Each structure stands twice: as structure tokens, then as C-alpha cells.
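Asker: need a structure here:
(2 chains)
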Amino acid sequence: MRSESNKVLREAATPADVARWRDDFPILQETISGEPLVYLDNAATTQKPQSVLAAEADYYRHTNANVHRGVHTLSQRATDQYEAARGKIARFINAAGSNEIIYVRGATEAINLVAQSFARPRLKPGDEILISAMEHHSNIVPWQMVCEQTGALLKVVTINDAGEFEFESFERLLGPRTRLVALTHLSNALGSIVPIERVIELAHSSGVPVLIDGAQAIAHLTVDVRALDCDFYAFSGHKIYGPTGIGVLYGKAALLDAMPPYQGGGDMIRTVTFEKTEYNELPYKFEAGTPNIAGAIGLGAALDYVGAIGIATIAAHERDLLDYATREVSAIPGLTIVGSARDKASILSFTLAGTHPHDIGTILDHRGVAIRAGHHCAMPVMQRFGLSGTARASFALYNTRAEVDTLVAALHQVTEIFQR
Amino acid sequence: MSDLRELYQDVIFDHYKKPRNCHVLDCANHQADGFNPLCGDQLTVYLKVEHGVITDLSFKGSGCAISTASASLMTEALKGKKIDEVEDLFEDFHHMVTTPEDAPHPELGKLEVLAGVSEFPARVKCATLAWHTLQAALKNQNQPATTE
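Answerer: The predicted model follows:
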């Protein structure tokens, strides 16, 4: 038994469990430069289990038709599967209903949607949007764009040297002109978990709505949007073992109802005349055009897969890997871990003295170890720590301690090559 | 492993750890900034061009072993070269780092130590950043050069 950060005692996954999970992911059989693939770039995108691959293939083999259109059998079947996936998503994050689940391309599009449809019409010059210093570019740039359009100002909550969200800075910055708080749930560059429960509570006490960027968190932390009481929650399917090109914007129905559509086109209308168009109801109002039907069904299959194992079980396994990896790499001379928040998940960002992350990435790749090297689309985080980039290993349910050992051995090789 | 040795040769480490001509050039009459958005590497190339000849050049910036060594080697290779020779040289260099082949490149002299890059397509941009920036400097473009 092991104690998790959420204080729930839970049986950890056994090596046999992990071996069984690994068998579900065909890509893990690949070899790179003759070495078994050790995939540690899960924060960029996760691999897909057989059930997700099959769901997409089966859709195209047996179901393919447009949704919400035809009277024929396939169209009905496609619509049923597409909407069933929406129901699975709603249950996965405990939304009040499927109408609060908007299909989008990914977390990026979800945030842009809220910036343009929710924030833009409400913002006046001098109003403020609050983000943090550890946001991904996708939770910075959409707000800069809407600030430029409206004259609003972007305010940035600071982080400390450990990479932790500074709540006092948030309390100071939350003011009478704050119109929206937009924060990551789990930092993609540092692995820090943001105390969003407290953030939401305080923001709501001032009547300020909160958007959570859950792109990283969704595969690693339990997300219950009603318990959190967040106003919007954005995530991408491909970071939770689903396909690319499909993602979710959760929004409270009352807020979504009051927002104008994001894009115009088919499916988002009830009636169209040249004089006046009446928009469709939620969630279709925000889903113009033929959607990524196979992607949505694939995402539904991915959530079934994750749900069957359980996020808490996955989180406990990843916690064990992160703790083990943190311990093991700390012994490597010249290695510095970037991001040492007390509350952390799945991400190990580091630098090696005298060695650029890009060179680390190339040498590790030669041993079959896939990591990310660079700024992780979070350049302000790198600037905060005075770095041009880091190397980042990020864990998923199918990773093992043996793979961490391979990573560590490969890192020793990097130091050997660079110290000669 | 042999590919890795081919990529990380001693000469490359030497130029990474002790880059040549790595400073601001006060007398420069051309300069440009280069940026690799993929990894965040950035450098500035400075040139002193007189009567169509590069009489002095230097660079300043931060990058990986490959991009730093490539910039350092480039500054050594181009000092004293006519600017109309630069384009051909870059073309040969680009061909070498993008084409996996065994044919030697005597015309490239010391730059040949970067031939191993051709086995690592993800690193071509590192090896060519300094050269793209040099071209921008020669054209006196105000826009930073990128590897994209």
C-alpha cells in the first residue's frame, strides 16, 4: 500500500499489471536504432492502445457517414457512436450533462474558443486576465490576442524557484478589474500541480470565472469539473491515449448558452435565411462543419480504457516512476532537476552541465529513448529559470522502472561523450 | 554508436568547448540574428565586408554542440573569402549535411567534420543555423533569420 498525494490509500499496480497494459500498445514493440523503444515523451503525446486503434478503424470500416444529417442507417449509427462518446466524456469528468461537452480540435482550440466567444465580448480597456508564469504558449497567446483586440491587460501570477504557483501573488493580482482566470492544472514543462481548488474558490468569491487548461492533467489527475466548480476545462484527446485532432471544451451550460458561436457553418444552425440565422442548441452551436467523428469515437474508447484501469491507479504507478527516476538521475554528476514542486506529477525536466538538451536528445534517441528537448512551448518558464531549454522525460501508464534504468544508463553515456 | 561517434567528433567538441571568433565584432558592417524556434537556440553573426571580401567575422549566442561548432567552423572557413564564393560553399555544405553518402568533400576543408549530421535529420537545422544567419547578414535583412 502506498500513500498518494490525494491521501487515498490504493493498491499499487504490480509489474504483471504493467506488462499487461504494455501489451495493449502495439507501438511499444518498435525498435529504434536496433534498441527497444523507451517512450518517455508522453507529455507531448501518448501512445494509443489497440482498443483506440480498433475503434477508429471499425468506424471507417463499418460506420462511416456524416452525423446529424442522414436518414440512412449508417448516418444514424455514426451519430449514435459520436454522441455516445460525448456521453463518455461527460461522465469521465463528471459534467452535469453531455450538452456541456464541446468537441474541438484540442486544448488549444478550446482556449481560443473561450478567448473569442466568452472573453472578447465582455472585455473593456483596462480589464484584466490572470494567467501564471508556467503556462504553455496555448494558454498565453490566445489571451494576448484578445487583449490586443479589446485593450485588456494580461497579468501573470509568479512561480517560486521550485516551480510552485505562488498563491500570495495570485491573491495580490486578483482585483476589481479581473474578468477571467486561466490556469494550467499541471505544468507541462515542470510537472507542478497548481492548487486549482483554492484558486477557483477565491476567484469565485470575487465573482471571477476560471478556465483550467487540463491538457497535461487529464491523463494523470482525477478531474471532476463539478467538484472543482471550474467554469471551463480544456483538454486534448491525444494526451490521454486518444487520437490527435480531437479535444474537449467543457463549459458550464449557463455560460456556454450566453456565448455567441465561435465559427459559422453547417450543424451549428437551426434555421438559415438570408435575413436571419437561428443558432442550434448546445453543444452543436459551437460545432460548425463536419466534425472529427472517428476521433471523437476514438477518444471515447481511450476514456473507456483509462477508466477501466482507473486514474488513481495510473497516478500511483506514475508517482512511483517519478520518485524512482528523480532518485536515480540525481546521482548523475552535473544533472539539475528543473521543477521540484512538492505537488508534482509525471514530468521530470532537467539540465546537464555543459550539455545542450538537444545533444542529450540525440544521444538518448540512439539508445531508443525518446524524450523532449527544448522549451516545451513554454518559453516564459525557461526565461524564469534562465535557461534556453531543458530535457524532459515524461511518464505514462505503460512505462516501467526498467525503462527508467535505460534512461539513466543513456544519460551516463551522454556525460561520458561530453566529458572526453 | 558508430553514427554517434561520427556526429560527435573530437573537432566538434573542441569547437563547442572553445568556440573560435565567438564575440561581438565592433567594426562589423553587416549583422543578423538567427533563431531556431524548435529548440530556442539563437545567435548573432557579425561581418566586416570590404570590397566584396569578408575581412573579418564572428558570432555570439548559445546553442547545442552542433550549432556552436558549426558557427565556429564557419567563421574560420569564411575569413578572407569573397562574398560571391559564400553561396556555393553553403550549397556544398548544405548538400553534405543533408545527403547521407560517403563521397569526400575536399572543397569544404575542415567543415567536413560535420558530415555526420546527415545521419541525423533532426539536427540539420542546428548545423545550418549559422549559415542561414550569415546569408541574412550579407543581405542586411532586418528580420531575424530562422531555420524554418
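Asker: what sits against the residue in the stretch 101-250 of chain A that chain B sits nearest to?
Answerer: The nearest approach of the stretch 101-250 of chain A to chain B comes at A:H137, 11.0 Å away (C-beta to the nearest C-beta). C-betas here are computed from N, CA, C, even on glycine. Counting by C-beta atoms under 8 Å, 6 or more residues apart in numbering or on different chains, A:H137 touches A:C377, A:A378, A:M379.
Asker: reformat those as TSV; add neighbour count, pLDDT and secondary structure.
Answerer: Below are these laid out as TSV (neighbours: other C-beta atoms under 10 Å in any protein chain shown; pLDDT from 0 to 100; DSSP: H, G, I helix; E, B strand; the rest coil):
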residue	neighbour count	pLDDT	secondary structure
A:C377	17	91	coil
A:A378	26	91	coil
A:M379	17	91	helix
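Asker: ok, so of the residues you listed, who is nearest chain B?
Answerer: Checking the contacts of A:H137 one by one against chain B (C-beta to the nearest C-beta), the nearest turns out to be A:M379, at 6.8 Å.
Asker: from what I can see the closest one touches B:G40, true?
Answerer: Yes - between A:M379 and B:G40 there is a contact at 6.8 Å, judged by C-beta atoms under 8 Å.
Asker: now chain B against chain A: closest residue?
Answerer: Nearest residue of chain B to chain A: B:C64, at 3.5 Å (C-beta to the nearest C-beta).
Asker: phi and psi next, for that residue.
Answerer: Per-residue torsions, B:C64: phi -80, psi 180 (degrees, to the nearest 10).
Asker: now do the same contact list for it.
Answerer: Contacts of B:C64 (C-beta under 8 Å, 6+ apart): A:H356, A:P357, A:H358, A:D359, B:C39, B:D41, B:C126.
Asker: and it, how far from B:L73?
Answerer: Remark: distance between B:C64 and B:L73 (C-beta to C-beta, to the nearest Å) = 14 Å.
Asker: one more: A:P125?
Answerer: Remark: distance between A:P125 and B:L73 (C-beta to C-beta) = 52 Å.
Asker: which of the contacts of A:H137 sits closest to A:V67?
Answerer: Taking C-beta to C-beta as the measure, A:V67 lies nearest A:C377 of the contacts of A:H137, at 31.9 Å.
Asker: hmm, A:S138 and the closest one touching each other?
Answerer: Yes - between A:C377 and A:S138 there is a contact under C-beta under 8 Å: 7.1 Å.
Asker: tell me how many other residues crowd A:H136.
Answerer: Per other C-beta atoms under 10 Å in any protein chain shown, the neighbour tally for A:H136 reads 22.
Asker: can you give me the pLDDT of it?
Answerer: Looking at A:H136, its pLDDT is 97.
Asker: need the contact list for it.
Answerer: Contact analysis of A:H136 by C-beta under 8 Å, 6+ apart lists A:T184, A:N188, A:A189, A:D213, A:A215, A:H376, A:C377, A:A378.
Asker: now do it against A:D213, distance only.
Answerer: 7 Å.
Asker: and A:L255, by the same measure?
Answerer: 17 Å.
Asker: then B:E112?
Answerer: 47 Å.
Asker: run through the residues that contact the residue of the stretch 251-400 of chain A found nearest chain B.
Answerer: Closest approach between the stretch 251-400 of chain A and chain B, counting by C-beta to the nearest C-beta: A:H356, at 3.5 Å. Neighbour list for A:H356: A:G389, B:C39, B:G63, B:C64, B:A65 [criterion: C-beta under 8 Å, 6+ apart].
Asker: give me the low-pLDDT residue ranges for the chain?
Answerer: I went with chain A, as the question did not name one. Confidence mapping of chain A against pLDDT under 70 gives the ranges A:1-11, A:420.
Asker: try again with chain B
Answerer: For chain B, the stretches with pLDDT under 70 are B:1-2, B:102, B:141-148.
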